[in-house]
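**Student:** need a 3D model of the following:
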Amino acid sequence: MEDLSPFSMFVNATFLATLYSDYLEAADTPGWYCGPNFYSTDVLRDFAKTQIDYILGKNPRKMSYVVGFGNHYPKHVHHRGASIPKNKIRYNCKGGWKWRDTTKPNPNTLVGAMVAGPDRHDGFRDVRTNYNYTEPTIAGNAGLAAALVALSGEKTTGIDKNTIFSAVPPMFPTLPPPPAPWRP
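**Tutor:** Have a look, this model is predicted:
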């Protein structure tokens, strides 16, 4: 089982925050309280956008962690298809090690793949053999796709309550009507 990289957690949290925001809107609820603080659906979506912005280059390194996006992105992705040149020679598992261990950039660009990301201090080593930074994972890239889809579209279109949220009841049921006036 693959480990969850920092970005896997970021993009999955981004997707869930956006989905929860949409759920609250479908339930006609403007947000929720966490202790004494109120968080609106807009706060959830803004949080989600900041996470995606960070991954795409709005970070201290000014680096996109999505391969092929922008001008500054990882060039030494830990991925066999990206690091072994296309030269019609079949290599066994050990035969690919010479490309894994080279310091040259990958001969093939794995466009759209999100790498594992930086460490907690925003340090990033674009080194193919250091998969903790440069490996694209299924969990991370699936989460990225889900988060991008969840954030796509215009806010003005609203939530289509006839699709994913068709069975969402109101968060707070409507109150029963007041009793009839008392008569002696």
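**Student:** tell me the helix or strand right after the helix ranked longest in the chain.
**Tutor:** Secondary structure assigned by DSSP state H gives helix 6-26 as the longest helix of the chain. Per DSSP states H and E, the first helix or strand lying C-terminal to helix 6-26 is strand 31-34.
**Student:** may I have the strands that pair with the very next helix or strand once past that following strand, each with its orientation?
**Tutor:** For strand 31-34, the following helix or strand on the C-terminal side (DSSP H and E) is strand 37-40. Using DSSP bridges, the strands paired with strand 37-40 in its sheet are strand 31-34 (antiparallel).
**Student:** any idea how far Ala142 is from Leu151?
**Tutor:** Noted for Leu151: a distance of 15 Å to Ala142, by Cβ to Cβ, to the nearest Å. Bear in mind the C-beta positions are built from the backbone N, C-alpha and C, glycine included.
**Student:** give me the neighbour count for the residue lying closest to Ser5 once chain neighbours are set aside.
**Tutor:** Taking Cβ to Cβ, 6 or more residues apart in numbering, and ignoring the residues beside it in sequence, Ser5 has Ala116 as its nearest neighbour in space, at 3.6 Å. Residues lying near Ala116 (other Cβ atoms under 10 Å) number 26.
**Student:** same thing with Tyr133?
**Tutor:** Neighbourhood size, Tyr133 [other Cβ under 10 Å]: 23.
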